[in-house]
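Undergrad: what's the 3D shape of this:
(one chain, ligands or ions: 2)
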Amino acid sequence: MDDMHFDLVVIGFGKGGKTLAAALGRLGKRVAMIEQSAAMYGGTCINIGCVPTKSLVHHAEHPGAGTAPERHRKAVEATRALTAALRGKNFAMLDTIDTVTVITGKATFLDPKTVRVAAGEDVLRVTADTIVINTGAVPTVAAIPGLRESTRLLTSTDLIDLDHLPKRLAILGGGYVGVEFASTYAQFGSAVTVLDSASRIMPREDEDIAEAATGILRGAGVEFVSDAQITGVRDIDNGVEITYELAGETHTLAADEVLAATGRKPATEGLGLDRAGVRTTENGAVEVDEFLRTSQPHIFAIGDVNGGPQFTYISLDDYRIVADQLVGVGKRSTKDRRFVPYTVFMSPALSRVGLTERQAVERGLPVKVQEKAIADIAAMPRSKIVGETRGLMKFVVDRETDLILGATLLSVDSQELINLVTLAMRHDVTATELRDSVYTHPSSTEAFNEVLGTPPVRTA
Ligand SMILES: Cc1cc2nc3c(=O)[nH]c(=O)nc-3n(C[C@H](O)[C@H](O)[C@H](O)COP(=O)(O)OP(=O)(O)OC[C@H]3O[C@@H](n4cnc5c(N)ncnc54)[C@H](O)[C@@H]3O)c2cc1C
Ligand SMILES: NC(=O)c1ccc[n+]([C@@H]2O[C@H](COP(=O)([O-])OP(=O)(O)OC[C@H]3O[C@@H](n4cnc5c(N)ncnc54)[C@H](O)[C@@H]3O)[C@@H](O)[C@H]2O)c1
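TA: Ligands and ions are numbered 1, 2, ... in the order given. The predicted model follows:
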């Protein structure tokens, strides 16, 4: 078997890896992109992650005509068409670069510089000067008796592509995946129950925010059970039964399907990292330094596989760091990341950046909190125009410096607004400057004129 040699081999068609492969390919470097599945060209985000879930959110929020199962079916079909188109574009993006080769097969390290790629009976070996591991993460299915054996078990990947609308959907885990699917499927018409072992839903958020968000979800029909210790899952006639302990009592819940949404773990199984001499952390992530080099200096790890945070935009930023190492000045590092925002795409979206009020107070900072319910913001007619007046905006501001310490926006358009707040924070724009900026009208941004002009609801 002849070895094929490349300047760069990328294992996994993730966000950071494909961007790096394209950038170096355009510079004339010989690059191989190894992806285990043709159904995953473009990676998790466009095929089974961000894009299909947000397509379903959009369709759930804007239902067309027909019965609930028909509307759901149309949404799934539209989503499939969208992801297929993006998959094709992603493949073409690399395939049309002369020096880039896309190899479809599962990669395993044979030694620090050699990777074996297998697709059925076909096997080939590639060697490279630089190797980038970009294999992403896979759902964690908790070791709950009966769960893995249940024929009604779904992961997020299965649920995105499900042909029928579950009448009763049980969701294990109330994190990003759990909340987004709960919101979406409740709007499609499923009876949704979210069970979480944590003592409260959305533990990352301040209590008032978690309460407002869960209030909105409850209003959409979602039931929540927190502090639930799930002890067993078993298939029953026409469904599945979940047994859990709550406050010393045993309860059962019957559902048609059960979604495992209890986290995602780095995808390192079968990669042969030990043969490459690449160390992993105790959480199973590939260990990297701030330049994303592994314990082998010519091997980098980017995206979810290096321990996260598990967001597409972090994988993209990982690309910037590695590109800077390979063809730049070698200065950019994970330490440059000040203020990473996030959005949970419930309806309306919940977005946050920086410190919560609780974190700011715990740090002993001089805090003032300015917040307003969306329905009460006179200077935000957009919310009334689009008919989405639920939620609130909350800013945590340093009373002495006037710098924004954090913001939580539970509102229409918050997935856009939070990026402006993040930019302001990164560049030390004060709360007063953000308040007194000239914004277009009618927009959601102009709400900042008002919310940041209201008297503090609390100080510390
Ligand atoms: C349901 C869901 C919704 C999400 N929504 C959002 C969102 O709205 N916003 C957001 O920012 N993030 C979201 N995420 C997270 C986001 O999708 C991930 O953080 C991101 O896609 C990770 O990209 P990556 O670069 O690590 O690699 P990935 O895109 O995960 O790509 C890894 C690739 O490696 C391949 N691979 C794995 N092992 C091998 C091997 N041995 N050989 C060859 N190929 C291999 C896989 O098939 C895969 O294509 C969501 C995730 C999920 C599951
Ligand atoms: N909008 C977005 O940016 C977005 C959307 C979806 C996913 N993601 C990424 O994907 C990752 C995975 O998402 P996720 O929601 O699966 O994980 P998560 O870590 O956000 O939430 C997991 C939840 O499961 C609960 N849990 C864990 N074990 C349990 C058990 N045995 N029984 C009941 N509950 C249990 C936890 O308390 C937690 O609330 C996220 O960390 C995020 O980075 C991002």
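Undergrad: these two touch, right, residue 388 and residue 348?
TA: Yes - checked against CB atoms under 8 Å, the pair residue 388 and residue 348 is within contact range at 5.4 Å. Where C-beta positions appear, they are placed from N, C-alpha and C, glycine not excepted.
Undergrad: who has more neighbours, these two?
TA: More neighbours sit around residue 348 than around the other of residue 388 and residue 348, counting by other CB atoms under 10 Å; the figures are 24 against 18.
Undergrad: buried set for the longest strand along the chain?
TA: Secondary structure of the chain read by DSSP state E shows that its longest strand is strand 122-133. Residues of strand 122-133 classed as buried by neighbour count (16 or more other CB atoms under 10 Å): 124, 126-128, 130-133.
Undergrad: let's test this: mean pLDDT of stretch 203-217, rounded?
TA: Throughout stretch 203-217, pLDDT has a mean value of 95.
Undergrad: nearest residue to the residue of the stretch 251-400 of the chain found nearest ligand 1 in space, please, no chain neighbours.
TA: Using CB to the nearest ligand atom, the single residue of the stretch 251-400 of the chain nearest to ligand 1 is residue 303, 2.2 Å away. Leaving aside its sequence neighbours, residue 303 sits nearest to residue 315 (CB to CB, 6 or more residues apart in numbering; 3.7 Å).
Undergrad: hang on, that neighbour packs against residue 13?
TA: No - Residue 315 is not in contact with residue 13 according to CB under 8 Å; the separation is 11.2 Å.
Undergrad: not counting its neighbours along the chain, what's nearest the most centrally placed residue in the chain?
TA: Centrality entry for the chain: nearest residue to the mean C-alpha point is residue 311, 4.6 Å, by CA atoms, centre = their mean. The spatially closest residue to residue 311, leaving aside those adjacent along the chain, is residue 342, at 6.6 Å (CB to CB, 6+ apart).
Undergrad: any idea how far the residue nearest to residue 262 when sequence neighbours are not counted is from ligand 1?
TA: The shortest distance from residue 262 to any residue other than its chain neighbours is 4.0 Å, reached at residue 173 (CB to CB, 6+ apart). The spacing between residue 173 and ligand 1, counted by CB to the nearest ligand atom, to the nearest Å, is 12 Å.
Undergrad: count of residues packed around residue 173?
TA: The local packing of residue 173 (other CB under 10 Å) involves 24 other residues.
Undergrad: by contact count, what packs against the helix or strand following the longest strand of the chain?
TA: Later in the chain than strand 122-133, the nearest helix or strand by DSSP states H and E is strand 137-139. For strand 137-139, the helices and strands in contact under the criterion 3 or more CB pairs under 8 Å, 6 or more residues apart in numbering; DSSP states H and E are strand 264-266.
Undergrad: following whichever helix in the chain runs longest, which helix or strand comes up?
TA: Longest helix of the chain, by residue count under DSSP state H: helix 68-95. Secondary structure here is assigned by DSSP H and E; on that basis, the next helix or strand after helix 68-95 toward the C-terminus is strand 100-104.
Undergrad: give me the residues contacting the helix or strand following that next one.
TA: Sequence-wise, the next helix or strand beyond strand 100-104 is strand 106-111, with elements assigned using DSSP H and E. For strand 106-111, the surrounding residues in contact (CB atoms under 8 Å, 6 or more residues apart in numbering) are 11-12, 34, 36, 115-119, 125, 270-273, 275-276, 278.
Undergrad: just the pLDDT for residue 2.
TA: According to the predicted model, the pLDDT of residue 2 comes to 62.
Undergrad: just the one 4 residues further on next, same as before
TA: For residue 6, the model assigns a pLDDT of 98.
Undergrad: assumed it was part of a strand.
TA: Yes - under the criterion used here (DSSP: H, G, I helix; E, B strand; the rest coil), residue 6 sits inside a strand.
Undergrad: hang on, it packs against residue 31?
TA: Yes - A contact is recorded between residue 6 and residue 31 when judged using CB under 8 Å, the distance being 6.0 Å.
Undergrad: have a look at these two and say which one is more surrounded.
TA: When residue 6 and residue 31 are compared for neighbours, residue 31 comes out ahead with 27 against 24, by other CB under 10 Å.
Undergrad: touching, that one and residue 21? I think so.
TA: Yes - distance between residue 31 and residue 21: 4.9 Å, which falls inside the contact criterion (CB under 8 Å).
Undergrad: got any residues that touch both of these two?
TA: When contacts are counted by CB under 8 Å, 6+ apart, residue 31 and residue 21 have 8, 10, 100 as shared neighbours.
Undergrad: show me what contacts the last one?
TA: Contacts here follow CB under 8 Å, 6+ apart; on that basis residue 100 touches 21-22, 25, 31-33, 94.
Undergrad: excluding chain neighbours, what is closest to it?
TA: Looking at residue 100 with CB to CB, 6+ apart, the closest residue is residue 25, at 3.8 Å.
Undergrad: helix or strand: which one has that neighbour?
TA: With DSSP H and E as the criterion, the answer for residue 25 is helix 15-26.
Undergrad: sorry, back to before: what is the nearest of the buried residues of strand 122-133 to residue 323?
TA: Nearest to residue 323 among the buried residues of strand 122-133, counting by CB to CB, is residue 132 at 10.3 Å.
Undergrad: list the beta-bridge partners for that closest one.
TA: When bridges are taken as DSSP bridges, the partners of residue 132 come out as residue 10, residue 300.
Undergrad: check it and give its pLDDT.
TA: Predicted confidence (pLDDT) for residue 132: 98.
Undergrad: ok, residue 308 next?
TA: According to the per-residue confidence, residue 308 scores 88 in pLDDT.
Undergrad: over to residue 120?
TA: As summarised for this prediction, residue 120 has a pLDDT of 89.
Undergrad: quick one: distance of whatever helix or strand residue 231 lives in to the chain centre.
TA: Of the helices and strands defined by DSSP H and E, residue 231 is found in strand 229-236. In terms of CA atoms, centre = their mean, to the nearest Å, the gap separating the centre of strand 229-236 from the centre of its chain is 27 Å.
Undergrad: surely residue 46 is in a helix?
TA: Yes - using three-state DSSP, the assignment for residue 46 is a helix.
Undergrad: about what we covered before: what is the mean pLDDT for the longest helix of the chain?
TA: Mean predicted lDDT for helix 68-95 stands at 97.
Undergrad: please shift the residue numbers so they start at 326 in all later answers.
TA: With 326 as the first residue, the last one maps to helix 393-420.
Undergrad: which parts of it are buried?
TA: Neighbour counts using 16+ other CB under 10 Å place 396-398, 400-401, 403-404, 408, 411-412, 415-416, 418-419 of helix 393-420 among the buried residues.
Undergrad: closest to residue 737 among those?
TA: Within the buried residues of helix 393-420, proximity to residue 737 (CB to CB) peaks at residue 400, which comes in at 20.1 Å.
Undergrad: that's all I had, so thanks and see you.
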